[in-house]
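A.B. asks: predicted structure and sequence below. I'll ask about it afterward.
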2 protein chains.
Amino acid sequence: MKKVLIADDEQDILDILQFNLEAEGYIVETASNGVVAIEKAKTFLPDLIILDVMMPGKTGIEVCGILRMLPAFKTTLIIFLTAMSDDTAEVRGLEIGADDYLKKPIRPKVLLSKVNALFRRVTKEMDNNINLGDLTINRENFSVRFKNEEINLARKEFELLSLLASKPSKVFLRNEILNQIWGTDVIVGDRTIDVHIRKIRQKLDLDCIKTVKGVGYKFEL
Amino acid sequence: MKKVLIADDEQDILDILQFNLEAEGYIVETASNGVVAIEKAKTFLPDLIILDVMMPGKTGIEVCGILRMLPAFKTTLIIFLTAMSDDTAEVRGLEIGADDYLKKPIRPKVLLSKVNALFRRVTKEMDNNINLGDLTINRENFSVRFKNEEINLARKEFELLSLLASKPSKVFLRNEILNQIWGTDVIVGDRTIDVHIRKIRQKLDLDCIKTVKGVGYKFEL
DNA sequence: AATTGCATTAACAATTTGATAATACCTTTA
DNA sequence: TAAAGGTATTATCAAATTGTTAATGCAATT
């Protein structure tokens, strides 16, 4: 469950944001100015911070700059809230290390879609590589290493291994595999999967892809 | 977390600066004269040194001169504190290698904005060029050096290399590359990327751009 | 006006990949 | 044990993808 810290000097805005985010299942804390925001951030350790740019005392941009200097907030998501149509603020914010920005007046729908999108992006990135024993699959690098040896797989081979390894021990039906990798509208022959499986087995000379006769394949070390 | 050393002979000033900087999240040490400042600098290794110009014993300018001769302080940020309205000190300070100066009386806000700005500048510069083995890419100068040889890349070539090198090992999909470098609304032919890649490979005769067939390209040493 | 350099495209070569068919193999079952 | 149903293997060919070179058009520079 994700934590969100909101900093704004207008109580109305805090209320609107808090209500909508909590309805979506987020845990929300609020701060009414920049200094409080920094303090709360340190204890609350949110996954996302929404910062109003214009606040008395410290501006959101300043708060962002300060937080970004702390190692604990290097990767924390930050969204700026700005009333300015001025692009300068926007650019400066992103330069300083904001992940997105929102223009006032706030549309709850837009807010939620941005927030959700950011979290999706992050979890996706985190989910991006698989580590099983001596085998490492990195979806970002399209690389497979086995005992520190780089193994070169073709695209389909990589996708296939990647799919099977994404849920070790789960048996993937042939149909499931076809849908995931070839898509629903492509039709390929029966032996196609076998051939790819064979190539993978050949390249990794590790017996990790098991055949479940009459059913499908599964990955197991 | 950044470290700041303050040297001034007036305790009041030390207190004010320390309080404000610590509130901002900096780690602060103080010194009440030039000699102590030099000693503490050597052990504390601050990222920033704030030096009062007028101190008994050694002036801030002298301290700065001494420190700048030591390799450990070649790139340390230095700010002068001066009560003089006289421009001469200011100029001399910058000549000797100060990064900024502050006039007394000190306004905490001004101080903090200057300090933050300096650190921003530095981190930005660090972010701005890429250093990988014998290869250096400087986004500010649009220059690429390989083994200290300046390599002349055209704009698109530079942007492409720069993009790929910004995340070594990450595979950039052709689409991703098009969006990043050409933008979403420009349509270019299929071979455009390849041709640029080829030119880069030719100019750097280093085999660092790898093709991942059916996927994209990645930078790897 | 001529030159230079760059971005793009076109055309073709080279390479890699994917799919299939044919055949061999294995396991289960009648 | 033979037949049936499924999978493995291999070679082969088609398709997709990328590499390479030269040519074109354009803009800045001389």
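C.D. replies: Right, received. Where do you want to start?

A.B. asks: report the contact partners of A:Phe119.
C.D. replies: Shown in contact with A:Phe119 (CB atoms under 8 Å, 6 or more residues apart in numbering or on different chains): A:Lys2, A:Asp47, A:Leu48, A:Leu77. Just so you know, the C-beta spots here come from the backbone N, C-alpha and C atoms, and that holds for glycine as well.

A.B. asks: how many other residues sit next to A:Lys167?
C.D. replies: When neighbours are defined as other CB atoms under 10 Å in any protein chain shown, A:Lys167 has 12 of them.

A.B. asks: before we move on, the earlier item: redo the contacts of A:Phe119 as a markdown table? Include neighbour count and secondary structure.
C.D. replies: Listed next are the contacts of A:Phe119 as a markdown table, based on neighbours: other CB atoms under 10 Å in any protein chain shown; DSSP: H, G, I helix; E, B strand; the rest coil:
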| residue | neighbour count | secondary structure |
| --- | --- | --- |
| A:Lys2 | 19 | coil |
| A:Asp47 | 18 | coil |
| A:Leu48 | 22 | strand |
| A:Leu77 | 20 | strand |
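
A.B. asks: greatest separation within those: which pair is it?
C.D. replies: Put simply, by CB to CB the two of the contacts of A:Phe119 set farthest apart are A:Lys2 and A:Leu77, 9.2 Å from each other.

A.B. asks: find residues that contact each of the two.
C.D. replies: Common neighbours of A:Lys2 and A:Leu77 (criterion: CB under 8 Å, 6+ apart): A:Asp47, A:Leu48, A:Phe119.

A.B. asks: the second one and chain B: what is the separation?
C.D. replies: Note on A:Leu48: its distance to chain B, by CB to the nearest CB, to the nearest Å, is 20 Å.

A.B. asks: same question, the last one
C.D. replies: For A:Phe119, the distance to chain B equals 21 Å [CB to the nearest CB].

A.B. asks: spit out the contact partners of the most centrally placed residue in chain A.
C.D. replies: Centroid check for chain A by CA atoms, centre = their mean gives A:Val122 as the closest residue, at 2.1 Å. Contacts of A:Val122 were listed using CB under 8 Å, 6+ apart, and they are A:Leu77.

A.B. asks: could you list the buried residues of the helix or strand containing it?
C.D. replies: Under the criterion of DSSP states H and E, A:Val122 resides in helix A:108-126. The neighbour-count check on helix A:108-126 (16 or more other CB atoms under 10 Å in any protein chain shown) flags A:Leu111, A:Leu112, A:Lys114, A:Val115, A:Leu118, A:Phe119, A:Val122 as buried.

A.B. asks: hmm, the very next helix or strand once past that helix touching chain B?
C.D. replies: Counting by DSSP H and E, the next helix or strand C-terminal to helix A:108-126 is strand A:129-132. No. Applying CB under 8 Å from any CB of the partner chain, one finds strand A:129-132 separated from chain B by no less than 11.2 Å.

A.B. asks: now for strand A:129-132, which elements pack on it?
C.D. replies: Applying 3 or more CB pairs under 8 Å, 6 or more residues apart in numbering or on different chains; DSSP states H and E, we find strand A:129-132 packed against strand A:135-138, helix A:155-166.

A.B. asks: make CSV out of the ones you listed and add distance to DNA strand C.
C.D. replies: Output for the helices and strands packed on strand A:129-132, formatted as CSV (distance: least, CB to the nearest atom of the strand, whole Å):
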stretch, distance to DNA strand C
strand A:135-138, 16
helix A:155-166, 3
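
A.B. asks: list just the one of those that sits closest to DNA strand D.
C.D. replies: helix A:155-166 (8.0 Å; CB to the nearest atom of the strand).
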